[in-house]
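Asker: Show me the folded form of this:
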Amino acid sequence: MAYGNYGGNYYNPYMTAATQPPQVQVPQQPQTQSSILWVQGEAGAKAYPVGAGNSVLLMDTEDSVMYIKTVDVSGMPQPLRVFDYVERSAQGRSGAAAVANADTVTREEFEALREDVRRLSKGVRKPNLTEDE
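Answerer: Here you go, the predicted structure:
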């Protein structure tokens, strides 16, 4: 059985603002929120709690590694994604220099190769192909 407050709200009508006990206001501590979450090693990343349906980026305090921990909406954690990070030099920031790697050639190298192919193809006799071959 539920009991309610049948008596109403009582207060002392003779208590004035001067006689009331002072209300103490506690100053709020400023909360600094860091957008970077730090963990210690891969074990710390695996143990970091993440709510269902969320992903967090975790930075390792021990190595140049970052982790992305994802939990699906049912609360099942997904495999931990691990990334190494390195600093890019000022030369690597331009678009052309960032694309250049072992799989690309410069324009000068391409032109030299094209001239070599032209010189070699002039000496090769082209076969006469008929339609039935």
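Asker: what's the average pLDDT for stretch 77-88?
Answerer: For stretch 77-88, mean pLDDT rounds to 91.
Asker: Tell me which stretches of the protein form strands.
Answerer: 37-39, 55-60, 65-70, 81-84 (DSSP state E).
Asker: and among the ones you listed, the most buried is which?
Answerer: strand 65-70 (a mean of 18; mean count of other CB atoms under 10 Å). Every residue, glycine included, has its C-beta placed from N, CA and C.
Asker: For that strand, output the C-alpha coordinates as CSV.
Answerer: Extracted C-alpha coordinates of strand 65-70, given in CSV (Å, rounded to 0.1, in the frame of the first residue of the first chain):
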residue,chain,number,x,y,z
VAL,A,65,50.4,2.9,-31.4
MET,A,66,46.7,3.8,-31.5
TYR,A,67,43.7,1.6,-31.2
ILE,A,68,40.1,1.8,-32.3
LYS,A,69,37.8,-0.2,-30.1
THR,A,70,34.2,-0.7,-31.3
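Asker: Can you check what angle separates that strand from strand 55-60?
Answerer: 160 degrees (axes from the mean of the first three to the mean of the last three CA atoms, to 10 degrees).
Asker: Okay, now the sheet partners of strand 65-70, with direction.
Answerer: Here strand 65-70 has these sheet partners by DSSP bridges: strand 55-60 (antiparallel), strand 81-84 (antiparallel).
Asker: Between these, which one is closest to Lys69.
Answerer: Among the strands paired with strand 65-70, the nearest to Lys69 by CB to CB is strand 55-60 (5.4 Å).
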